[in-house]
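[1] based on what follows, work out the 3D shape:
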Amino acid sequence: QVQLVESGGGLAQPGGSLRLSCAASGFTFSRSAMSWARQAPGKGLEWVAGIYSDGSDRYYASSVKGRFTISRDNAKNTVYLQMNSLKPEDTALYYCAKDYPDFGLGYPSFGSRGQGTQVTVSS
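    Numbering: from 1, shown residues only. Take a look at the predicted model:
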């Protein structure tokens, strides 16, 4: 079965950086697009970034464009999210997810996602 395990979250100061990692197993990673999404307290799930199976195409939400970078290592079955210039509004539970989201319900949903890693940005 699909397993996605995130790591790398924690506390960062405004303007700081964090790098999230997601180890994937249970499916052919190199053939699957991957995504990062986040959910802040009291808010809905937001699709933050996505990357095509071979890394040739990447998507970023406008809220993180220019600050976050998604990448992947297909040899290690791992997807990363490098987060720079962090802001307090980036505080959320960050999820790794298989594929790009489905917006059929009016909000992003994923067939498989991990348990999440908490990112808190505060001075």
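[2] CA only for contacts and neighbour counts going forward, please
    OK.
[3] who are the packing partners of the strand or helix carrying residue 94?
    Using DSSP states H and E, residue 94 maps to strand 92-98. Secondary-structure packing of strand 92-98 (3 or more Cα pairs under 8 Å, 6 or more residues apart in numbering; DSSP states H and E): strand 3-7, strand 34-39, strand 117-121.
[4] CSV please, covering the ones you listed and showing mean neighbour count.
    What follows is the helices and strands packed on strand 92-98, written out as CSV (neighbours: other Cα atoms under 10 Å):
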stretch, mean neighbour count
strand 3-7, 20
strand 34-39, 25
strand 117-121, 21
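[5] need these in CSV (columns: distance to residue 49).
    Formatted as CSV, those follow (distance: least, Cα to Cα, whole Å):
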stretch, distance to residue 49
strand 3-7, 15
strand 34-39, 5
strand 117-121, 15
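[6] and residue 30, helix, strand or coil?
    Here residue 30 is recorded as helix under DSSP: H, G, I helix; E, B strand; the rest coil.
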